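Participant: below are the sequence and a predicted model for it; my questions follow.
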Amino acid sequence: MNDKRQYVIISPCRNEAAYIRRTLDSVTKQTVPPALWIIVDDGSTDETPEILADYASRFVFIKIVRRSDRGARSVGPGVIQAFYDGYEQIDVPYDYICKLDTDLVMPPAYFEQLMKMMEVDPRLGTVSGKTFYIDKHSGQHVPEQIRDHMSIGASKFYRRECFEQIGGFVREVMWDGIDCHRARMFGWKACSVADPNLGFEHLRPMGSSDQNILKGRKRHGYGQYFMGSSFAFVTASAIFRIPSPPRVIGSIMMWWGYVDAMLRRKPRYDDPKFVQFLRRWQWLSLFKGTQQATAQVTEERKRIWNPPSASNCPAPHLLNSERQVADRVNSSARD
């Protein structure tokens, strides 16, 4: 095995007994196994702890971190808080890091293929495959709507230098959008790839893990507001999403999530340079299309790309000034 293919996975989970065995099986059968897989049990009350204990006893690279029961699933800030509880437990050298959900089924060479892609392109900072789910009625594979300019939040695979240079993840709902845009701002490339060998199964539809998918769409709209997206861009995005399930109402809920936060003047991500960068990309996207806008911005930012040395990486507990920014507004940003 290439000695530069050392990767760490961190998986926050809560009450995933119905799905987690399939995720565990798919990861433990990878052609290149992880150096360490930290699974953070976020207070599960079902059989998840027993399942995790079983696998940890059989695979030396699995490490379980147990959190107290918060009483309910917490998406966005809660997931990232759990992620960092695991992050602080990393005790092995590594070149790549992945935040991985526990309701996925990964193809056997998934991580090996991602690392090969990054070896070919040193500017590739974060990448994922595309997800699909299996329709319960037809049995057909249904692709989920994942734009090419984003690595999917369910499987955030990062080059270590990129992850640390952007400050890691922000503890807010739009953490999985801010990170990719920040990566491009620093000159990295961020993408998801439509390769059959990288397609992986999502065992429940995206955005449906917290009560229902409509609440997930409204939460996404709020996340766009928090990130700093413009009203025009969000409105255009809502119109674009009308054909995607749940048709029409999903778009309305996303748009309302943004407008509701705007009317209530909720706090926003406090980084003017980032917001300026984001909105320029959004305007380019409206007039040129997302693909061309991303290509233009990625080429422009090539000149400022200056990755830090992995040997100069901060300790886990010192990483992420950006999440500290978000932490200051979290208490008032949510109901």
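Facilitator: Noted; the coordinates are in hand.
Participant: what's the longest helix in this structure?
Facilitator: If you go by DSSP state H, the chain has its longest helix at helix 272-288.
Participant: and that helix, C-alpha only, in CSV?
Facilitator: The C-alpha trace of helix 272-288 is given here as CSV (Å, rounded to 0.1, in the frame of the first residue of the first chain):
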residue,chain,number,x,y,z
PRO,A,272,-17.0,39.7,4.9
LYS,A,273,-14.2,38.4,2.5
PHE,A,274,-15.9,35.0,2.3
VAL,A,275,-19.3,36.5,1.6
GLN,A,276,-17.8,38.7,-1.1
PHE,A,277,-16.2,35.7,-2.7
LEU,A,278,-19.4,33.6,-2.4
ARG,A,279,-21.6,36.2,-3.9
ARG,A,280,-19.3,36.9,-6.9
TRP,A,281,-19.4,33.1,-7.6
GLN,A,282,-23.2,33.2,-7.3
TRP,A,283,-23.6,36.1,-9.7
LEU,A,284,-21.4,34.3,-12.2
SER,A,285,-23.5,31.2,-11.7
LEU,A,286,-26.7,33.1,-12.5
PHE,A,287,-25.3,34.5,-15.7
LYS,A,288,-22.9,31.8,-16.9
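Participant: helices and strands around that helix, which ones?
Facilitator: Packing contacts for helix 272-288, counted by 3 or more Cβ pairs under 8 Å, 6 or more residues apart in numbering; DSSP states H and E, involve helix 175-185, helix 231-240, helix 290-300. In this view, the C-beta of every residue, glycine as well, is placed from N, C-alpha and C.
Participant: flag every buried residue along the second one.
Facilitator: If you call a residue buried by 16 or more other Cβ atoms under 10 Å, then helix 231-240 has these buried ones: Phe233, Val234, Ser237, Ala238.
Participant: list the contacts for the second one?
Facilitator: Contact analysis of Val234 by Cβ atoms under 8 Å, 6 or more residues apart in numbering lists Gly221, Gln224, Tyr225, Met254, Trp255, Tyr258.
Participant: which element is the fourth one on?
Facilitator: Met254 belongs to helix 249-263 when elements are defined using DSSP states H and E.
Participant: just to revisit the earlier point, switch the helices and strands packed on helix 272-288 over to a markdown table; also include mean pLDDT.
Facilitator: Shown next, in a markdown table, are the helices and strands packed on helix 272-288 (pLDDT from 0 to 100):
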| stretch | mean pLDDT |
| --- | --- |
| helix 175-185 | 97 |
| helix 231-240 | 95 |
| helix 290-300 | 97 |
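Participant: okay, those helices in a markdown table with distance to Ala35 next?
Facilitator: What follows is the helices and strands packed on helix 272-288, written out as a markdown table (distance: least, Cβ to Cβ, whole Å):
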| stretch | distance to Ala35 |
| --- | --- |
| helix 175-185 | 22 |
| helix 231-240 | 38 |
| helix 290-300 | 30 |
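Participant: of all these, which lies closest to Arg279?
Facilitator: helix 231-240 (7.6 Å; Cβ to Cβ).
Participant: so that closest one versus helix 290-300, what angle?
Facilitator: For helix 231-240 against helix 290-300, the angle by axes from the mean of the first three to the mean of the last three Cα atoms, to 10 degrees is 140 degrees.
Participant: and the angle for helix 231-240 with helix 272-288?
Facilitator: 50 degrees.
Participant: so what's the residue count around Val92?
Facilitator: 11 (other Cβ atoms under 10 Å).
Participant: same question for the one 10 residues further on.
Facilitator: Other residues near Thr102 come to 24 when the count uses other Cβ under 10 Å.
Participant: and the pLDDT for it?
Facilitator: Note on Thr102: pLDDT of 97.
Participant: thought it was touching Ser11?
Facilitator: Yes. Using Cβ atoms under 8 Å, Thr102 is in contact with Ser11, at 5.2 Å.
Participant: shared neighbours of these two, which are they?
Facilitator: By Cβ under 8 Å, 6+ apart, Thr102 and Ser11 have these common neighbours: Thr23, Ile39.
Participant: His220: neighbouring residues, count only.
Facilitator: Per other Cβ under 10 Å, the neighbour tally for His220 reads 23.
Participant: how near is it to Ala261?
Facilitator: As judged by Cβ to Cβ, to the nearest Å, His220 and Ala261 stand 11 Å apart.
Participant: what of Gly167?
Facilitator: 23 Å.
Participant: again, but for Pro245
Facilitator: Distance from Pro245 to Ala261, by Cβ to Cβ: 24 Å.
Participant: compare those two and say which is more crowded by neighbours.
Facilitator: Ala261 (20 against 13).
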